[in-house]
Each structure stands twice: as structure tokens, then as C-alpha cells.
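>>> Have a look; sequence and predicted model below, questions after that.
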Amino acid sequence: MTLVFLLLFSVITSATPDVKLIRENGKVGMADIDGNLLIPAIYDELGWSSGDISPSDQVVGYKENGLWGLITTSNKKVTEAQYVSLIPTKGEKIIAGLKGKYNNSVLYGLLNTNGNPQIGFQYESIVPTGELLIVSQAINSKVTYGMIDYRERRVIPIIYETITLINDQLLAVTNQTGKAALINKEGVSLTPFIIDELEPQSESLYKFSSDGHIGLFDNKGKIRLPAEYKSIKLADANTAIAQEYDRWEATTTNKEELFYFQSDTVVPIAHNLLLSYSGSSGRLFSAQGLLLDSIFYEHIVPLDSNLLLVRDGQTYGVKDISGELILEVEHDTIIYSNPFFYTQSDKGWHVFDKYKRQLTMDPLAELRPQGELLIAAREERYWGYLDFTGKVSIGYKYDEAGAFVGEHAVVKYLGGYGIINSFGEWVVPAQHERVEIIKPNLFLIQNGQFKQLRNQRNQLVFETYNSIINHPIGLVEKDSRGKLGFIDPKGNPKLRLEYDSISDVLSDQYVILIRDGYYSLVTLDAKIIIPDYSQFEKIFPFTQDFIGMQKGGKYGYFDLDGRLRIANQYEMVGVWQEDRGPVMLKGKWGFVDSQERLVIQPYYDEVSPFVNGVSIARKGTSYGLLDKEGTEVVEFENDLISRLPSGNYLIRKGNKLGLATVSGRQSLATIYDHLEELAPGLYHVRRRGKSGIKDDRNVDILSLSYDNVAYDPINEIIFSKTKGARHTIPLR
């Protein structure tokens with residue numbers, strides 16, 4: 001919480017001193033304004049520890065051996081020099097600081113000008129304010145504040161986190177929640193503990209915030225405007241301009257009203273968890289609109305369905321969705337790997353569990369928390385491994401230590417790399433230039449250009465001077481000519497070093513290999529489905545059944561048995577789908593079926609594969625939709641048609657948007673300025689500056705009457721925004 005005030009406090013001093021200091025041989029004395037000597041120059045300092053030199057009731061402070069005492073202006077010592085500080089205040093009283101007998105802590109009390117204690121030395125601080133004193137005390141190392149009068153009668157109990165003066169009659173007190181309340185100098189509470197920040201707006205008005213909302217109170221502590229607004233500005237001394245937050249109404253997709261927020265925005269972050277932002281800070285709510293945590297954070301990220309990473313300034317912490325603090329917001333870095341937290345601060349790294357227990361006794365210089373069995377940790381110079389209770393499992397002796405992959409980890413020891421198991425036993429001795437865990441039980445060992453593959457028993461399974469690259473099909477071996485071959489995950493050679501390139505995985509089960517310009521189709525276990533000696537010059541990506549190919553400069557389709565199914569007589573083919581294959585003749589596209597019948601004549605400049613019986617096609621610059629028989633179910637008069645994730649179609653004509661269903665039937669006319677798919681069958685539409693929601697049957701879920709809408713797909717809630725109103729409010 002940040003509280004900004006007009007003034008804090010002032011000590012009572014004379015405006016113009018009627019004495020002056022004199023200095024001789026490094027010592028200080030005092031004379032009156034006519035030069036008459038009052039106190040000889042024999043002291044280290046004269047005056048007060050605040051720097052003022054004006055006497056109070058003919059008494060002033062003197063300093064000897066680093067401590068202060070009281071002396072009269074006629075050079076008579078009132079007290080010994082025993083105080084850490086002396087500052088005069090109202091009623092010819094002096095705030096004195098006295099160091100404890102058994103420690104270096106300083107406690108404060110009040111003296112009169114005769115040096116007699118008026119208030120005992122029991123306070124951590126004393127700050128004068130008018131007829132009263134703000135004081136603090138420490139109980140069990142916790143400092144709390146209150147207010148007393150000059151006779152030490154308590155006006156405000158000494159129980160508050162802070163007390164700050166707002167004006168000569170008004171104070172703000174803060175409790176353990178971090179919220180402030182207004183209280184007068186008679187100790188009467190004027191507001192509940194709702195204030196997060198406040199600042200003056202004029203001589204008589206103060207702006208305050210409460211949970212991100214702004215209000216206004218006057219110099220007597222009366223609330224003039226409740227904390228309901230996004231912003232408040234004064235037009236003049238008697239008029240305020242107040243801006244409301246936007247209103248976000250929550251409804252179900254069945255139009256059932258749930259709740260509403262007044263905030264800048266609402267963000268879904270997890271199941272049954274919403275984040276409402278007001279200004280730069282957010283609050284957590286349930287999906288039923290119940291406030292879970294009213295403490296504000298600058299950044300909130302879900303770690304899982306129950307835990308949240310929060311940031312305040314440059315430090316991070318963790319809370320659960322009920323608002324309970326799991327890790328204090330004091331860490332520079334937090335890494336979560338269920339069920340452990342790895343934290344970093346300027347003191348080093350620590351490990352915590354989900355029950356708030358710190359598992360590491362001493363901070364560590366570095367951690368690698370991604371290990372599957374043990375955690376690599378560095379203590380000073382050397383690395384070792386911790387178990388998941390924070391205990392040292394493998395001692396600190398390695399130059400470097402990698403994360404465990406399965407039951408093994410790569411380490412560097414005495415300048416060489418090797419592999420250990422979870423007991424710290426050598427599986428591959430540390431004698432090598434480079435060691436890599438390729439698979440959980442397959443290791444790559446390299447010395448110079450010579451490479452070996454060894455298993456978990458350190459048995460040699462393969463060796464080569466060529467490069468070895470990991471790939472879903474297995475291990476790719478690449479020689480100096482750039483030729484590729486394949487080794488299975490056990491290190492057995494499967495395909496010879498003959499291939500020029502390899503594709504990514506197609507249809508989750510195949511790759512395409514190219515050798516001397518010809519294509520072959522291979523499964524992920526290196527089984528050749530279509531060999532390159534079939535003389536295919538090109539193979540196209542595919543989804544099912546038939547595969548497009550080029551042979552003899554012409555294009556057709558073959559099946560996964562390598563049989564030619566659609567003769568290679570076309571200028572180009574596309575992706576076969578739903579018993580339809582795109583083919584090009586004389587520069588135009590049509591479709592053939594599996595019987596090689598031309599079911600849709602080559603009439604189009606562009607076509608897409610069929611999905612749910614519909615293809616997007618283009619004639620010239622205009623788009624439409626075709627069914628499998630070639631019927632134009634959406635006419636060719638649109639500038640663009642694209643398939644949405646649900647399978648429906650977004651249609652653009654000029655600046656306007658519309659919708660067609662999966663079957664190709666146009667359901668929303670092409671009249672909207674904005675059309676966005678929120679979920680299958682649910683669409684945000686915008687027209688003439690207003691937003692609403694329709695389904696794909698053109699039924700209104702929300703009418704076109706809102707400033708904006710949003711959808712929470714996690715909790716299946718619709719939010720509709722109405723812009724906050726602006727009010728001019730008289731303050732008389």
C-alpha cells in the first residue's frame with residue numbers, strides 16, 4: 001500500500017534563534033546575540049540533535065563523547081551526557097533517545113527541561129503532532145503504532161501497522177491486512193479498513209482507492225464519493241468528474257444471468273477461476289463471481305488447476321486458488337515441477353514442497369530442477385544431486401552435472417564426461433570429450449570425430465565417424481557427402497547411407513525419403529511401403545487412402561500398396577479426401593472419384609480438399625463452396641472463404657463478414673463488421689459499433705447492444721461489456 005500525504009510532522013522550534021554558537025580549538029560554546037558568553041567553548045556540540053540551536057526554557061543540549069545531555073544557558077548541567085538524541089517539542093518538553101543497557105537498541109521517552117522523565121523510555125519512536133504524540137512499541141520483534149497525549153494517556157491503541165498524519169485533525173491507521181482506515185485525533189474511527197492508497201486533491205479533499213476503485217473524502221474524514229469509480233478528477237472546488245468502470249455481465253450460453261463485475265477486463269485463468277483487472281492490478285474470483293483474494297498483484301499465472309504464480313514488483317510468490325499463501329512473494333525466480341518449488345533469491349536456491357516446507361537447509365549456488373529422479377545442485381564450486389526431500393543423495397564432486405534422463409545423467413569429472421546412475425555409480429566412465437543420452441538406455445559417446453552408441457550396460461552397439469541426429473524414425477546417420485541412413489533406437493542399422501533427404505512425419509506414421517530425385521514412402525519403424533525404384537518423381541502430403549504422386553512428368557494417385565489407382569495423366573493433383581481427388585487439366589481444377597470418374601469438371605482456379613462434403617473453390621477472384629456433386633452451395637461472389645476450427649466457414653465480401661455451416665449452408669448473412677468464432681456454434685458479431693453473440697442457426701444469444709463481448713471457454717461463461725458512464729457530481 002502506498003499512502004501519500006500533505007505533511008508528516010514537525011518539531012516545535014523557534015523561528016529565529018536568540019543565541020549563536022562560537023568555536024574555539026575545535027570545541028563549541030554559546031553566546032547571546034550581543035556576543036555575551038553564555039557557555040564556554042568546551043563541548044563537542046551545542047543545540048539539539050536535529051541541528052537546531054534555539055534553547056527551550058533556557059535549556060539546550062550539549063554533546064560529549066558522542067552522547068547528549070541538557071545544560072542551561074547559564075552553563076549549569078541539568079543532566080549527564082547519556083542520550084543518543086535530544087529534540088525539543090511542544091510545551092517545553094524534550095524527546096530523548098536512550099540506548100539500552102544490554103544491547104544497542106534505542107528507546108525513546110519524554111523529559112522536561114529539568115531533565116526529569118515525563119514519559120518513560122519504552123517506545124521505539126515518538127513523533128509529535130499538535131497536542132499528541134505518535135508512538136511505537138516492539139512486542140516479539142513486531143513494531144506497532146498508536147497515539148498518546150503528553151501525559152501518556154492513550155488516545156489511539158498501540159496496535160496498528162502504521163499511523164500517518166493527513167492533516168491537523170485526521171490520521172490514517174493501517175491494520176495487519178494492509179488496509180487503512182481514517183481516524184480523528186480523539187481516536188474516533190471514521191471509516192472501515194478499506195483504503196489501499198490515498199493522495200490529496202485539494203486543500204480539503206483527498207482521493208482514495210479501495211480494491212482498485214476510487215472514492216473521495218474531505219479533510220474531516222467524511223466520505224464525499226464512495227469507492228465505486230475508475231477515476232475521479234476535480235473540475236473545480238465544488239465539482240467532481242467521476243468515470244465508472246466498465247460493467248461485465250456474466251451469462252451462460254443458455255442466457256442465464258450469473259453475476260457482474262465492474263472492472264477494466266475479466267480473464268479466465270483456470271477451471272472455476274477468473275482474474276478481474278482494475279487498473280494494473282488483479283483480483284481472483286470463482287466462476288460463480290465470489291471474491292477469493294482481494295490482495296492485488298501485477299501478474300498472475302496458473303501453475304496448475306489449484307496453484308497460482310503471483311508477482312508484486314520484481315518478486316514472485318505462490319498462492320492457491322482459495323487465496324492461501326504457499327510461498328511468500330519474495331523470490332526472484334520460482335520454478336514449479338509438481339510437487340516441488342525451486343526458488344532463487346540473492347541468497348541462492350532453495351527447494352520447497354507444496355506444504356510450504358523448505359527442504360534445503362542451506363542456500364545452493366545453482367539448481368537444475370528438471371531431473372526425473374534427482375535434482376542437480378551446485379554448492380560453491382562443485383555439483384552433486386539432491387533427492388526430493390532435499391537431502392544430498394550424490395555428493396558434491398562433479399565439475400558439471402546434467403539432469404537425470406530416466407535413471408542416468410551426464411556429468412563432467414576431472415575434465416572428462418561420463419554417465420552415472422541414480423546411485424552415483426559409473427555407467428560410462430568420465431573419459432570422453434562428449435557424452436549424450438540419446439534415449440533413456442542409449443548413449444552417444446564422442447571423442448574427436450569418432451562416435452559410439454553404447455547401451456545402459458556400456459556395451460558397444462554401433463560406431464561411426466559420421467554425424468548422428470535424433471529423429472522420430474530412429475537415429476539418422478549422415479556422412480561427409482550428406483547422404484542419410486537410419487539406425488533403430490537399439491543401435492541397429494536399418495537403412496543404408498543412400499538417401500539425400502528425409503521429410504517430417506506425415507499422418508503420424510510415415511516419412512518420405514528422396515534418393516537421386518526419386519521418392520519412397522517409409523514407416524516409422526523403417527519399413528519401406530513404396531520404394532523409390534517405383535520411379536515416383538514426387539510424393540505429396542496425404543491424409544488417407546490415396547497418395548498424390550508425379551511420374552513421367554504427369555500426376556496421379558497410388559495406394560499404400562504402391563498400386564497406381566488414378567492414372568498419371570494430370571497437370572497437378574492435390575490431397576485425396578472423402579473419395580475425391582483434386583486434379584488439374586488445362587490449368588483448371590476439378591475432382592475425380594476412386595473409379596477415376598471426373599465428378600466435378602475442371603472449371604475452378606483453386607480448390608481445397610473436401611471436408612464434411614464441402615470444398616472451398618475459387619473462380620477468378622471470387623470464392624464459393626461446392627458439395628461433392630459439384631453443386632455451388634454458396635455462390636461465387638465472395639472475396640474470401642476460410643474454414644474455421646469448428647468446420648463452419650467464415651465468408652468475407654468487401655468489408656463485411658458472414659457464416660456458412662459445416663454443410664455449406666449460409667446461416668449468417670454477410671453484413672457484419674466483425675465475426676469471430678468463440679466456440680463451436682458460438683460467434684461474436686459486431687455491427688454499427690455494437691457487439692452481440694449468435695449461434696450458427698442465427699439465433700441471438702446476446703443481442704447486438706453491447707460495447708464488447710468475451711467468452712470463457714474454460715468455464716463456459718459469456719461476458720458482455722457495457723462501457724462505464726461518466727458523471728459530473730456536485731460536492732456541496
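Perfect, thanks for sending it.

>>> just for the stretch 301-450 of the chain, where's the confidence low?
For the stretch 301-450 of the chain, the stretches flagged by pLDDT under 70 are 371-372.

>>> go again using 80 as the cut-off
305, 321-323, 369-372 (pLDDT under 80).

>>> And for the stretch 451-600 of the chain?
Applying pLDDT under 80 to the stretch 451-600 of the chain flags residues 472-474, 489-491, 506-508, 532-535, 541-545, 561-562.

>>> got the contact list for the residue nearest to residue 545 when sequence neighbours are not counted?
Distances taken as CB to CB, 6 or more residues apart in numbering put residue 576 closest to residue 545, at 5.7 Å, once the chain neighbours are dropped. For every residue, glycine as well, the C-beta is placed using N, CA and C. Residues in contact with residue 576, defined by CB atoms under 8 Å, 6 or more residues apart in numbering, are 542-548, 557, 609.

>>> Need the residues you listed in a markdown table (columns: secondary structure and distance to residue 148).
Below are those laid out as a markdown table (DSSP: H, G, I helix; E, B strand; the rest coil; distance: CB to CB, whole Å):
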| residue | secondary structure | distance to residue 148 |
| --- | --- | --- |
| 542 | coil | 87 |
| 543 | coil | 83 |
| 544 | coil | 86 |
| 545 | coil | 90 |
| 546 | coil | 93 |
| 547 | strand | 91 |
| 548 | strand | 91 |
| 557 | strand | 95 |
| 609 | coil | 85 |
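
>>> Just the buried residues from the residues you listed, in PyMOL please.
Of the contacts of residue 576, the buried ones go into a single PyMOL selection, burial set by 16 or more other CB atoms under 10 Å:
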select buried, resi 542+546+547+548+557+609
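
>>> Just give me the closest of the contacts of residue 576 to residue 201.
residue 609 (65.3 Å; CB to CB).

>>> Tell me the bridge partners for the closest residue to the closest one other than its chain neighbours.
Distance criterion CB to CB, 6+ apart; nearest residue to residue 609, sequence neighbours excluded, is residue 577 at 4.0 Å. Under DSSP bridges, the beta-bridge partners of residue 577 are residue 580.

>>> what's the answer for residue 477, then?
Bridge pairing for residue 477 (DSSP bridges) gives the partners residue 468, residue 485.

>>> same thing with residue 659?
With DSSP bridges applied, residue 659 shows beta-bridge pairing to residue 650, residue 668.

>>> Over to residue 181?
Counting by DSSP bridges, residue 181 forms beta bridges with residue 173.

>>> Quick one, grab the pLDDT at it.
Looking at residue 181, its pLDDT reads 94.

>>> so who does it touch?
Contacts of residue 181 by CB under 8 Å, 6+ apart are 172-175, 189-195.

>>> 10 Å instead, please
Taking CB atoms under 10 Å, 6 or more residues apart in numbering, we find residue 181 in contact with 160, 171-175, 189-195, 221.

>>> go on, residue 722?
Contacts of residue 722 by CB under 10 Å, 6+ apart are 244, 246-249, 260, 262, 705-708.

>>> pretty sure residue 176 is in contact with residue 144, am I right?
Yes: here residue 176 reaches residue 144: they are 9.4 Å apart, a contact under CB atoms under 10 Å.

>>> any common contacting residues for those two?
159-161.

>>> which of those residues tops the neighbour count?
residue 160 (24 neighbours; other CB atoms under 10 Å).

>>> Distance check, the nearest residue to that one once chain neighbours are set aside against residue 18.
Closest residue in space to residue 160, ignoring its immediate chain neighbours: residue 173 at 4.3 Å, by CB to CB, 6+ apart. According to CB to CB, to the nearest Å, residue 173 and residue 18 sit 39 Å apart.

>>> same question, residue 731
Counting by CB to CB, the gap from residue 731 to residue 18 is 47 Å.

>>> Identify the spatial nearest neighbour of residue 731, chain neighbours not counted.
residue 238 (5.2 Å).

>>> just to revisit the earlier point, who has more neighbours out of residue 173 and residue 18?
Here residue 173 and residue 18 are compared on neighbour count by other CB under 10 Å; more neighbours surround residue 173, at 24 against 12.

>>> just checking, that one touches residue 155?
No: under the criterion of CB under 10 Å, residue 173 makes no contact with residue 155, lying 11.6 Å away.

>>> what touches both of the two?
146-147, 183, 187.

>>> what about residue 174, how many neighbours?
Neighbour count of residue 174, defined by other CB under 10 Å: 19.

>>> wait, what's in contact with it?
Applying CB under 10 Å, 6+ apart to residue 174 gives the contacts 1, 3, 145, 160-164, 180-181, 193, 195.

>>> Switch these over to CSV; also include distance to residue 348 and secondary structure.
What follows is the contacts of residue 174, written out as CSV (distance: CB to CB, whole Å; DSSP: H, G, I helix; E, B strand; the rest coil):
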residue, distance to residue 348, secondary structure
1, 30, coil
3, 34, strand
145, 35, strand
160, 35, strand
161, 30, coil
162, 32, strand
163, 37, strand
164, 36, strand
180, 36, strand
181, 40, strand
193, 37, coil
195, 38, strand
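
>>> Most neighbours among the residues you listed, which one?
residue 180 (27 neighbours).

>>> residue contacts, the spatially closest residue to that residue that is not a sequence neighbour?
For residue 180, ignoring the flanking residues on the chain, the nearest one in space by CB to CB, 6+ apart is residue 195 at 4.0 Å. Applying CB under 10 Å, 6+ apart to residue 195 gives the contacts 1, 3, 172-174, 178-182, 206, 208-210, 215, 217, 227.
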